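>>> What would the 3D arrangement of this be:
(one chain, ligands or ions: 1)
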Amino acid sequence: MIYLTRVEHFNAAHKLFNPQWSKEQNLEVFGKCANDNWHGHNYELHVTVKGEPDPETGFVFNAKTLGVLIKDVIVEKLDHKNLNMDVDFMKDKFTSAENVAIAIWEQLQQHLPDTVQLHCIRLHETPKIYVEYYGGK
Ligand code: NI
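Numbers count the residues shown, from 1 in each chain. This is a model prediction of the structure:
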């Protein structure tokens, strides 16, 4: 089993808030991410797939094809968008890095061929914070 990672970027706005809570409580839990008038992050996305090298190419999956797939399925939908308002697959979800990573997994999973498996979605929200999702619970 060999693992291949492709790194892509996108910039997006969001706001983390729980409408059931007071403004103070939202600020307490979500900090700057609860800012009323939105804010942006420079996200860095690492997509790792795994499988066996193809005997004809030596590739587990063509890295260029993976890049095009990530751009078409994910980056086009998220880049320069408001994650709370503009993205169909984030509708009615908290736009935490955790939930964005899980949603990215679910979107990409549908487009990968049977010859390769998704292994990890790693999403950097800031240089100091990232999440990793390996599928499942
Ligand atoms: Ni934020």
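
>>> going forward, measure contacts and count neighbours with C-alpha atoms only.
OK.

>>> Next one: the closest residue to residue 115 other than its chain neighbours from residue 61, what distance?
Nearest non-adjacent residue to residue 115, counting by Cα to Cα, 6 or more residues apart in numbering: residue 51, 7.1 Å away. Per Cα to Cα, to the nearest Å, residue 51 is found 8 Å from residue 61.

>>> just residue 67 next, same as before
Relative to residue 61, and taking Cα to Cα, residue 67 is found at 11 Å.

>>> These two: which is more packed in?
residue 61 (22 against 16; other Cα atoms under 10 Å).

>>> ok, the more buried one - contacts?
Residues in contact with residue 61 (Cα atoms under 8 Å, 6 or more residues apart in numbering) are 4, 49, 53-54, 116.

>>> one more time with 10 Å
Residues counted as contacts of residue 61 (Cα atoms under 10 Å, 6 or more residues apart in numbering) are 3-4, 49-54, 112-113, 115-117.

>>> What of residue 73?
Contacts of residue 73 (Cα under 10 Å, 6+ apart): 104, 107-108, 110-111.

>>> joint contacts of residue 51 and residue 61?
3-4, 115-117.

>>> Quick one: buried ones out of the residues you listed?
Burial by neighbour count, 16 or more other Cα atoms under 10 Å: within these this picks out 3-4, 117.

>>> Go through the residues you listed and flag which are in strands.
Of those, the ones assigned to strands by DSSP state E are 3-4, 117.

>>> What's the end-to-end length of stretch 6-22?
First-to-last residue span, stretch 6-22, Cα to Cα: 40 Å.

>>> Give me the buried positions along it.
The neighbour-count check on stretch 6-22 (16+ other Cα under 10 Å) flags 8-17 as buried.

>>> from those residues, which single one is nearest residue 71?
residue 8 (7.9 Å; Cα to Cα).
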